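Asks: The amino acid sequence is not available; the structure is as follows:
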């Protein structure tokens, strides 16, 4: 029997987080990131990330995350660190900028300039981030994979 063709995973359309209350979640995340809503209802909200989105869904049922997390890419990691400190949001121990939201979702903040993850120039332009550039180390990582920007 012939092997079936496999699809190649190419990225994420969205990440969904369960939260206790949609308005409280939006208020919490607005303390450290600037965002636009893609849409909102009583039980869901969609934070626009250009060609992706973060879905907040009412109804957290599982216990607090320990190591399970998602990496949220931001334009300025230090600005997030400063905002977390300013709002008394505990940064978890370790080498990364991790914290828990009020519902136990573990979030790792990742600076765009320092990682391979890349938004297409037209998406960055649409997000008002056309002047955001990669570090030399991130560019080298991309070059090593044959994905050099420009």
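Replies: It's in. Quick caveat, the model's predicted, so the values are computed rather than measured. Numbers count the residues shown, from 1 in each chain.

Asks: can we go C-alpha only for contacts and neighbour counts from here?
Replies: Will do.

Asks: Next one: residue 69 from residue 96, what distance?
Replies: Distance of residue 69 to residue 96, computed by C-alpha to C-alpha, to the nearest Å: 12 Å.

Asks: the more surrounded of the two?
Replies: residue 69 (15 against 11; other C-alpha atoms under 10 Å).

Asks: could you list every residue that touches that one?
Replies: 105-108 (C-alpha atoms under 8 Å, 6 or more residues apart in numbering).

Asks: State the phi and psi torsions of residue 132.
Replies: Note on residue 132: backbone dihedrals following degrees, to the nearest 10 are phi -80, psi 120.

Asks: show me where the chain has strands.
Replies: Using DSSP state E, the strands of the chain run over residues 14-19, 37-40, 44-48, 53-58, 70-74, 97-100, 106-111.

Asks: Now for residue 69 and residue 96: what residues contact both?
Replies: Common neighbours of residue 69 and residue 96 (C-alpha under 8 Å, 6+ apart) are residue 108.

Asks: Excluding covalently adjacent residues, which one is nearest to residue 99?
Replies: Of all residues not flanking residue 99 in the chain, residue 91 sits nearest, at 4.9 Å (C-alpha to C-alpha, 6 or more residues apart in numbering).

Asks: Sweet, I'm off.
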